[in-house]
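Colleague: Predicted model follows, preceded by the sequence.
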Amino acid sequence: RDFTVNAMAFDRRGHLYDPFGGRQDLAQRILRAVGDPDERFREDALRPFRACRFVAEYGFTVEEKTRAAAVRVHDRVAGLSVERIRDELERILVSPYPAKGFALLKEMGLLETRCRARTAGKDETVPVLPELARLHGLPQSPRYHTHDVWTHTMLVVEAIPAEITLRWAALLHDIAKGIPGVRNLNRRGEVCDYRHEQVGSVMAQEVLTRLRVGATSAQRIVWLIRHHMNFPPAREEKVLKWLRRLAAELKDREDLESAVAQLLILREADLRGGKVRPEERLAENDRLRILAAGLIRRLPFYQTDLALSGRTVAHYLGEGPQVKRALDELLRRVQDGNLPNEASALEDALRRMVRKNLG
């Protein structure tokens, strides 16, 4: 077995066998390798990652010799598959104490190791997560932030619901801060990271692809990161324009509704994770959430939401790109409040469009 707390067993009569003192370690919430920690970790280099996961899941403290041994098996990590390491990272992410788990990964140097990935039938070594390790101690402007980027990131991760897509987005949302071309000085001479959400979304895609995170989840995570800095004031006309832009990147009403809800959850966690005086923006975020949800329920954002089919439009206009243009125009009029989303009203408007074009 790997750790003393896992090396206990009951027999059929209920007698506990505990040859390595696991019961006492469990009571004291200590994680200790069975026997020689160097031997245990060289047997399976995933065990240091598992130690970090147990810390994140149960709040254990890792015994000093066990902790020190993890640093001496970095070379063995290269033999682990990227999928095994990703699974441990994701279990840490959705645990009750993810910040403790990631702090230990950073302390043990595990984020900066390399593991094995198989691509097109060939093995290669790829980095685990050095992009995250780089954030440790990275300063931010005290005008807007109360913590460095690492601490802020961990606070955001712990402030967001323990759902894997949201947790990945929280972990990677500021991944581009501090890199050349992003880190700069503003007019007041303070550090700033303009467009970090755009560059960060590209970096996040690279990380998620490398770690073999599922394509559907990765697409949403990257989308959340790309949009996490751009929000309208909670006024209907501004929110409608914002939703129109977002809808163009999403497939349907259900996708829009869930994506916007997740985006505003990420924003709330971001604000709670050490922003200076966040109260006003938190209240604005609540108003924005209510207003956006109401607009999505009330208005069509996709042609398929209209009470008039493309087939009906094609009956008047013939097949071709003019059908999409007509539906887009009808959609805009309904969103602007100039036309009810009713089949008869939409068909009347379509007839007027046809007569106008003929005239």
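Modeller: Nice, I can see it.

Colleague: Mind telling me what element residue 54 is part of?
Modeller: helix 47-58 (DSSP states H and E).

Colleague: Now that helix: buried residues?
Modeller: Across helix 47-58, burial judged by 16 or more other CB atoms under 10 Å covers 47, 48, 49, 50, 51, 52, 53, 54, 55, 56, 57. Quick note: C-beta positions are derived from backbone N, CA and C, even for glycine.

Colleague: Repeat that for stretch 94-109.
Modeller: Residues 94-95, 97-106, 108 are the ones in stretch 94-109 that count as buried (16+ other CB under 10 Å).

Colleague: Output the residues you listed as a markdown table; include the columns distance to residue 347, secondary structure and pLDDT.
Modeller: Putting the buried residues of stretch 94-109 into a markdown table (distance: CB to CB, whole Å; DSSP: H, G, I helix; E, B strand; the rest coil; pLDDT from 0 to 100) gives the following:
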| residue | distance to residue 347 | secondary structure | pLDDT |
| --- | --- | --- | --- |
| 94 | 50 | coil | 98 |
| 95 | 55 | coil | 98 |
| 97 | 59 | coil | 98 |
| 98 | 54 | helix | 98 |
| 99 | 58 | helix | 98 |
| 100 | 61 | helix | 98 |
| 101 | 59 | helix | 98 |
| 102 | 58 | helix | 98 |
| 103 | 62 | helix | 98 |
| 104 | 64 | helix | 98 |
| 105 | 61 | helix | 98 |
| 106 | 62 | helix | 98 |
| 108 | 67 | coil | 96 |
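
Colleague: and which of the buried residues of helix 47-58 is nearest residue 338?
Modeller: Closest approach to residue 338 among those (CB to CB): residue 56, at 53.5 Å.

Colleague: How about the closest one, nearest residue that isn't a chain neighbour?
Modeller: Spatially, and ignoring its direct neighbours in sequence, residue 56 is nearest to residue 101 (2.8 Å; CB to CB, 6 or more residues apart in numbering).

Colleague: Next up, the contacts around that neighbour.
Modeller: Residue 101 is in contact with 52, 53, 55, 56, 57, 92, 95, counting by CB atoms under 8 Å, 6 or more residues apart in numbering.

Colleague: Please repeat the previous calculation with a cut-off of 6 Å.
Modeller: Residues near residue 101 by CB atoms under 6 Å, 6 or more residues apart in numbering: 52, 55, 56, 92.

Colleague: Show the average pLDDT along stretch 208-225.
Modeller: Mean pLDDT, computed over stretch 208-225, is 97.

Colleague: List of residues touching it?
Modeller: 82-83, 86, 126, 165, 168-169, 172-173, 200-201, 204-205, 263, 266.

Colleague: For that stretch, list every residue counted as buried.
Modeller: 208, 210, 211, 212, 213, 218, 220, 221, 222, 223, 224, 225.

Colleague: picking that back up, format the buried residues of helix 47-58 as TSV; extra columns: pLDDT and distance to residue 146.
Modeller: Converted to TSV, those look like this (pLDDT from 0 to 100; distance: CB to CB, whole Å):
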residue	pLDDT	distance to residue 146
47	96	36
48	97	32
49	97	31
50	96	33
51	96	30
52	97	26
53	97	29
54	96	30
55	97	25
56	98	24
57	97	28
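
Colleague: Could I get the contacting residues of residue 314?
Modeller: By CB under 6 Å, 6+ apart, residue 314 lies in contact with residue 323.

Colleague: phi, psi of it?
Modeller: Here is the backbone geometry of residue 314 (degrees, to the nearest 10): phi -60, psi -30.

Colleague: before we move on, back to that, among the contacts of stretch 208-225, name the ones in strands.
Modeller: residue 126 (DSSP state E).

Colleague: Could you pick out the buried ones from the contacts of stretch 208-225?
Modeller: Buried among the contacts of stretch 208-225 by 16+ other CB under 10 Å: 82, 86, 126, 165, 168-169, 172-173, 200-201, 204-205, 263, 266.

Colleague: Identify the farthest-apart pair in those residues.
Modeller: Using CB to CB, the two most remote members of the buried ones among the contacts of stretch 208-225 are 126 and 263, lying 29.2 Å apart.

Colleague: and the residue positioned nearest the centre of the chain, what does it touch?
Modeller: Central residue of the chain (CA atoms, centre = their mean): residue 169, 1.5 Å from the mean position. Counting by CB under 6 Å, 6+ apart, residue 169 makes contact with 221, 224, 225, 266.

Colleague: same check, this time on residue 336
Modeller: Applying CB under 6 Å, 6+ apart, no residues qualify as near residue 336.

Colleague: Give the burial count for residue 227, as a bare number.
Modeller: For residue 227, the count of nearby residues is 21 (other CB atoms under 10 Å).

Colleague: do the same with residue 357
Modeller: Look at residue 357: counted by other CB under 10 Å, it has 10 neighbours.

Colleague: can you map out the helices along the stretch 51-200 of the chain?
Modeller: Remark: helices assigned in the stretch 51-200 of the chain by DSSP state H, counting those that start in this stretch are 64-71, 74-77, 82-93, 98-107, 130-133, 149-159, 164-172, 196-210.
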